[in-house]
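Enquirer: Any chance you can model this:
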Amino acid sequence: MPPPTLQTTPDLLVLAPEPLTRESFAPFGTAIIPPLPRNTTTPPTPLSTHPTQNLVPRPALANQGSALKYSPISPVTNQYPGQCPSGKASEARMTMFSCFPRSLRLVSDRAAGGGGKVAEKGVFDVRILERHPFTTQTFIPLDLSSRFRTSTSTSTSTSTCTGTGTGTGTGTSISTATRIAREKEENTERGEEEEEEEEEEEAHYLVVVAPTLKGQTALAASDSGAKVSIRDPPDLGRARAFLACGGQAVTYAAGTWHAPMVVLGRRRVDFVVVQFVNGVDGEDCQEVRFGEGLVVDCGVEGARSGSRSGAKL
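Expert: Next comes the predicted model:
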């Protein structure tokens, strides 16, 4: 059954993606980011020299001194017992989601072009949010480097998602997504298939979340027109978007409203997903739809005369 549609939505809200860091994502859950730089190949000696990082537990030596164990790195919460209305028992569930790249909508932005030129940028329209009221949900990407590699006709640039949780590389990867969206549109116009690049670009993904209006209700309507009350609805006016790379995982806190996974670029991303479930609709997952108003700005990929311009924001 399609989810209900909220009857009131905010005026146009354009979200600029933020780098995913532990601190910035903390109100919504946990950003799971390797505490050590990629080029660290031996444990710190002595262990007391390991740098202290906010929201990261102190490590312990493990595996005969060949590993560092950080525990707990993220909560795994089960609030079904005593809270879910059905009283049905839950169980831990590990699932795989194979998420394919999303299409971006190209829009024109004269202000960003400069010199009277019209720049194009890709945007993602958020139309649905979901939440899992009684469980955390962790998305762990597989088979991805934690480096963004972007190739263009004139240069090759590489930026790194660092182990410190600073999440650098946002501008590079977002503009790449816009370029891919433009290429897809141009290939469609010419009736051509996409060409494989010599060097495969690293995938990355958007994490879109919204705070919960706890204790409040919002009016929604089903496809049949029936009125539905949404308890603890999302606060769309305070939604945020984060950009994550392959070396980062996320845990949504129980009850956190979030968009279904948004993969950017050309590559499919396979996620291992860990949560609790009891098989009852409305207890495992709650969804709401809404009309226009929430857009993620995926950046300007340079002005280019003669290119097709889409709608204006």
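
Enquirer: Leaving out the residues flanking it, which one is nearest to H258?
Expert: V209 (4.8 Å; C-beta to C-beta, 6 or more residues apart in numbering). All C-beta spots, glycine's among them, are computed from the backbone N, C-alpha and C.

Enquirer: Tell me the confidence at the one you found?
Expert: In this model, V209 is scored at 98, pLDDT.

Enquirer: Ok, P10 next?
Expert: On pLDDT, P10 comes in at 76.

Enquirer: Could you check how far it is from R127?
Expert: 14 Å (C-beta to C-beta, to the nearest Å).

Enquirer: what touches both of the two?
Expert: Common neighbours of P10 and R127 (criterion: C-beta atoms under 8 Å, 6 or more residues apart in numbering): L294.

Enquirer: could I have the helix or strand harbouring E287 exported to CSV, CA atoms only?
Expert: Using DSSP states H and E, the element containing E287 is strand 286-289. The C-alpha trace of strand 286-289 is given here as CSV (Å, rounded to 0.1, in the frame of the first residue of the first chain):
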residue,chain,number,x,y,z
GLN,A,286,6.7,3.9,8.7
GLU,A,287,6.7,6.0,5.6
VAL,A,288,5.3,9.4,4.5
ARG,A,289,5.2,11.1,1.2
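
Enquirer: for it, the distance to its chain's centre please.
Expert: From the chain centre to the centre of strand 286-289 is a distance of 17 Å (C-alpha atoms, centre = their mean, to the nearest Å).

Enquirer: what's the answer for stretch 205-218, then?
Expert: The answer for stretch 205-218 is 14 Å, by C-alpha atoms, centre = their mean.

Enquirer: Give me the buried stretch members for that stretch, please.
Expert: 205-213, 218 (16 or more other C-beta atoms under 10 Å).

Enquirer: out of the residues you listed, who's nearest C245?
Expert: Y205 (8.1 Å; C-beta to C-beta).

Enquirer: what residues are up against that closest one?
Expert: Residues counted as contacts of Y205 (C-beta under 8 Å, 6+ apart) are 99, 141, 243-244, 261-264, 269.

Enquirer: circling back: so the residue nearest to H258, which of the three states?
Expert: strand (DSSP: H, G, I helix; E, B strand; the rest coil).

Enquirer: Would you map the helices across this structure?
Expert: Here the chain has its helices, by DSSP state H, at 22-25, 110-113, 170-190.

Enquirer: So if we follow the domain assignment, how does this structure break up?
Expert: Residue ranges for the domains of the chain, per automatic domain parsing: 5-35+75-312, 40-69.

Enquirer: Which of those has the lowest mean pLDDT?
Expert: Across the domains of the chain, domain 5-35+75-312 has the smallest mean pLDDT, namely a mean of 81.

Enquirer: which residue sits closest to the residue nearest in space to the middle of the chain, ignoring its sequence neighbours?
Expert: For the chain, V207 is the residue whose C-alpha lies nearest the centre (C-alpha atoms, centre = their mean; 1.8 Å). Leaving out its chain neighbours, the residue that sits closest to V207 by C-beta to C-beta, 6+ apart is F242, at 4.4 Å.

Enquirer: L55 too?
Expert: R22 is the one closest to L55 (C-beta to C-beta, 6+ apart), at 4.3 Å.

Enquirer: Let me see the contact set for that neighbour.
Expert: 30-31, 33, 53-56, 165.

Enquirer: Now, these that are in strands?
Expert: 30-31 (DSSP state E).

Enquirer: Would you check which pair of the contacts of R22 lies furthest apart?
Expert: T30 and Q53 (13.6 Å).

Enquirer: of those two, who's got more company?
Expert: Set T30 next to Q53 and count neighbours by other C-beta atoms under 10 Å: T30 wins out with 20 against 16.

Enquirer: who's in contact with the more buried one?
Expert: By C-beta under 8 Å, 6+ apart, the neighbours of T30 are 22, 55, 73-75, 250-251, 253.

Enquirer: If we use 10 Å, what do you get?
Expert: 22, 55, 72-75, 136, 138, 249-253 (C-beta atoms under 10 Å, 6 or more residues apart in numbering).

Enquirer: And the residues you listed, which is closest to S108?
Expert: V250 (32.3 Å).

Enquirer: Was I right to think that closest one contacts V209?
Expert: Yes. Assessed by C-beta atoms under 10 Å, V250 is found in contact with V209 at 9.2 Å.

Enquirer: quick one, what contacts the nearest residue to G291 once chain neighbours are set aside?
Expert: Leaving aside its sequence neighbours, G291 sits nearest to T9 (C-beta to C-beta, 6+ apart; 5.4 Å). T9 makes contact with 236-237, 289-294, according to C-beta under 10 Å, 6+ apart.
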